[in-house]
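S.K.: Sharing a model that was predicted from the sequence below.
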Amino acid sequence: MAQRREIRFVLTTLLFAPVAACSGGGDGSGTAAVAPPHLIDASHLVHTSAAADADPGKPFTVTAERGTSLTDVTLSGPDGRQVAGALDPDGHGWHSTGALAASTHYTARIAASDGHGGRGETTAEFSTKQAERLLTAALGPDLGRDTYGVGEPLTVQLSEAVTDPAARQQVERSLTVSSEPAVTGAWHWVDGKNLHFRPHDYWPAGAKVKLTFDGQGRAIDGKLYVGAPSSLAFKVGDRVEALVDAATDQLTFKRNGQVVNTIPVTTGKPGFDTRNGIKVVLGQERSVQMKSETIGISQGSTEAYDLKVEWATRVTWSGEYVHAAPWSVASQGAENVSHGCTGMSTDNAKWFYEQTRVGDIVQVVNSKGHQMEPFGNGFGDWNLSWDDWVKGSALGKPVSTDAPAPAAIAAATLRPQL
């Protein structure tokens, strides 16, 4: 159990300053004088739910004594932003409708009338108790680069699993994606701790993208609340797409829609067929030692290998690369002889390596291999149809990156501090 903060509860009365009365002039018009309202001690006429270590999961309430009505109630957090609330139809009660944050100090200003011309104001101050569990988020891409390719998805890894549909909606409301230019995109839950965001189509070349996890103190599920905020921003590079045709053994390289180069390649041979589908560049290594044991081929097998490979561009975590394969130049452009990677000459691999970046697209077609997995072996996000992608959102709908997300709207009324 987290250590509780010192709690302060104050209920005081604020009195209105006298209001000057208007009276009839000396012209005999007979205009009646308007009496000033008399002051009442509102602190004795209204009751609140303010208490030490208030439960942030319950609304704050104000109730007026019989014969007294509430004329105005405002509830504010430490930065002055107001929490939404509603006045009961009879005017005798008020309750907060916006979420209260954990471990946060609030001030309520309450105005009341006794129905006989008497008016007064009072304040109530209280603090909510500390959250027992805080939800934090690790945001991606997190490789420390300032520019990524058009296929790079946004990723969120939560500190603990969230499975309840309503709680997942609160997580999505705490995430804001903005971009210039704006796009239509959606979140997709991979599992209880991981969710991805991608646009309907690839990011526009040159776009500026920002992801923010905010809503500190927001209730997620039971005693779980949003923890410290986090954010990232990056720029999108040119639209780079490499199309690998396993039937013709050719790689067609396009930049911003224009064909720049066509390269003879070899892909996976029977039994080691290269995966079909859209893949996203995960990383690049100037040289890497490739061993057959990493893909399940034992030492001593006729298929075993242990090679130092140059100019390697990774597209799956299981070890699929686009790389230099000088030993298979004779087969490149003619037949498939690799163990699943896309091989090319050393000069071509160096050129490809230097022309691509993390987040660029590599698509394989006409292979006899399996389809690229959507998740778990890299970023196969683009292999899901848009309709299936949106179904993975807890909110169940796309969002525009030019409009304030729900989290931003909530922050307009509540931005608590833990």
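M.R.: The structure has been received and is ready for your questions. Note that this is a predicted model, so its numbers are computed, not measured. Numbering: from 1, shown residues only.

S.K.: Where does pLDDT dip in the chain?
M.R.: Within the chain, the stretches with pLDDT under 70 are 1-37, 403-418.

S.K.: Which parts of it are helices?
M.R.: With helices called from DSSP state H, the chain shows them at 165-173, 346-355, 386-391, 406-411.

S.K.: Would you mind telling me which of these is nearest Q157?
M.R.: Closest approach to Q157 among those (Cβ to Cβ): helix 165-173, 11.8 Å. In this view, the C-beta of every residue, glycine as well, is placed from N, C-alpha and C.

S.K.: Let's have the helices of the chain in CSV, adding distance to Q289 and mean neighbour count.
M.R.: CSV is the format used below for the helices of the chain (distance: least, Cβ to Cβ, whole Å; neighbours: other Cβ atoms under 10 Å):
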stretch, distance to Q289, mean neighbour count
helix 165-173, 40, 19
helix 346-355, 16, 17
helix 386-391, 37, 14
helix 406-411, 45, 18
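
S.K.: would you turn these into CSV with distance to L70?
M.R.: Listed next are the helices of the chain as CSV, based on distance: least, Cβ to Cβ, whole Å:
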stretch, distance to L70
helix 165-173, 30
helix 346-355, 68
helix 386-391, 43
helix 406-411, 25
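
S.K.: List the contacts of the closest residue to W389 other than its chain neighbours.
M.R.: Nearest non-adjacent residue to W389, counting by Cβ to Cβ, 6 or more residues apart in numbering: H188, 5.3 Å away. By Cβ atoms under 8 Å, 6 or more residues apart in numbering, H188 lies in contact with 195-198, 381, 384, 389-390, 392-393.

S.K.: For H188, name its beta-bridge partners.
M.R.: On the basis of DSSP bridges, H188 is bridged to H196.

S.K.: What distance do you get for S76 to V315?
M.R.: 52 Å (Cβ to Cβ, to the nearest Å).

S.K.: quick one on the thing from earlier: would you mind listing which of the contacts of H188 are buried?
M.R.: Using 16 or more other Cβ atoms under 10 Å as the burial test, the contacts of H188 include 195-198, 381, 384, 389-390, 392-393 as buried.

S.K.: got TSV for those residues, with distance to D142 too?
M.R.: Formatted as TSV, the buried ones among the contacts of H188 follow (distance: Cβ to Cβ, whole Å):
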residue	distance to D142
L195	15
H196	14
F197	14
R198	17
D381	17
L384	23
W389	22
V390	25
G392	22
S393	22
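
S.K.: Which positions in stretch 218-235 come out as buried?
M.R.: Of the residues in stretch 218-235, those buried (16+ other Cβ under 10 Å) are 218-221, 224-227, 229, 234.

S.K.: no wait, stretch 102-110
M.R.: In terms of neighbour count (16+ other Cβ under 10 Å), stretch 102-110 has its buried residues at 102-108, 110.

S.K.: contacts for that stretch?
M.R.: By Cβ under 8 Å, 6+ apart, stretch 102-110 touches 5, 8, 14, 42, 46, 48, 50, 56, 60, 62, 70, 72-78, 83, 94, 100, 121-131, 217, 219, 225, 416-418.

S.K.: Leaving out the residues flanking it, which one is nearest to the spatially most central residue of the chain?
M.R.: Nearest to the mean C-alpha position of the chain, by Cα atoms, centre = their mean, lies L175 at 2.9 Å. Excluding its sequence neighbours, the residue lying closest to L175 (Cβ to Cβ, 6+ apart) is F213, at 5.7 Å.

S.K.: List the residues that contact the one you found.
M.R.: Residues in contact with F213 (Cβ under 8 Å, 6+ apart) are 137, 139, 156, 174-175, 226, 229-231.

S.K.: so how far is G93 from the nearest residue to I297 once chain neighbours are set aside?
M.R.: Nearest non-adjacent residue to I297, counting by Cβ to Cβ, 6+ apart: E303, 5.0 Å away. From E303 across to G93, the span is 77 Å (Cβ to Cβ).

S.K.: out of these two, which sits in the busier spot?
M.R.: G93 (18 against 13; other Cβ atoms under 10 Å).

S.K.: neighbouring contacts of stretch 199-210?
M.R.: With contact meaning Cβ under 8 Å, 6+ apart, stretch 199-210 is reached by 150-152, 154, 176-181, 183-186, 231-239, 256, 361, 382, 386, 398, 401.

S.K.: My error: substitute stretch 396-404 in the last question.
M.R.: By Cβ under 8 Å, 6+ apart, the residues outside stretch 396-404 that reach it are 176-179, 181-187, 199-200, 209, 390, 405, 412.

S.K.: Would you confirm that G237 contacts V150?
M.R.: Yes - using Cβ atoms under 8 Å, G237 makes contact with V150 at a distance of 7.4 Å.

S.K.: Give me the common contacts of these two.
M.R.: Contacts common to G237 and V150, judged by Cβ under 8 Å, 6+ apart, are 205, 359-360.

S.K.: Tell me which of those residues fall in strands.
M.R.: Using DSSP state E, no member of the shared contacts of G237 and V150 falls in strands.

S.K.: Which one of those residues is nearest to P270?
M.R.: Closest approach to P270 among those (Cβ to Cβ): D360, at 28.5 Å.

S.K.: which residues does the closest one contact?
M.R.: Going by Cβ under 8 Å, 6+ apart, D360 touches 149-151, 237, 240-242, 280-281.

S.K.: ok so, going back, only whichever of the contacts of stretch 199-210 are buried, select them in ChimeraX.
M.R.: Restricted to buried positions by 16+ other Cβ under 10 Å, the ChimeraX selection for the contacts of stretch 199-210 reads:
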select :150,151,152,154,176,177,178,179,183,185,186,234,236,237,238,239,361,382,398,401
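
S.K.: Strands - which of the contacts of stretch 199-210 land there?
M.R.: Among those, the ones falling in strands (DSSP E) are 154, 176-180, 184-186, 231-236, 361.

S.K.: Straight-line length of stretch 368-376, end to end?
M.R.: Distance between the two ends of stretch 368-376: 21 Å, counting by Cα to Cα, to the nearest Å.

S.K.: quick one: buried residues of that stretch?
M.R.: By neighbour count on 16+ other Cβ under 10 Å, the buried set for stretch 368-376 is 369, 372-374.

S.K.: Dump those residues to TSV, plus distance to E335.
M.R.: TSV is the format used below for those (distance: Cβ to Cβ, whole Å):
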residue	distance to E335
G369	15
M372	22
E373	26
P374	30
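
S.K.: from those residues, which is closest to D347?
M.R.: Of the buried residues of stretch 368-376, the one sitting nearest to D347 (Cβ to Cβ) turns out to be G369, at 26.8 Å.
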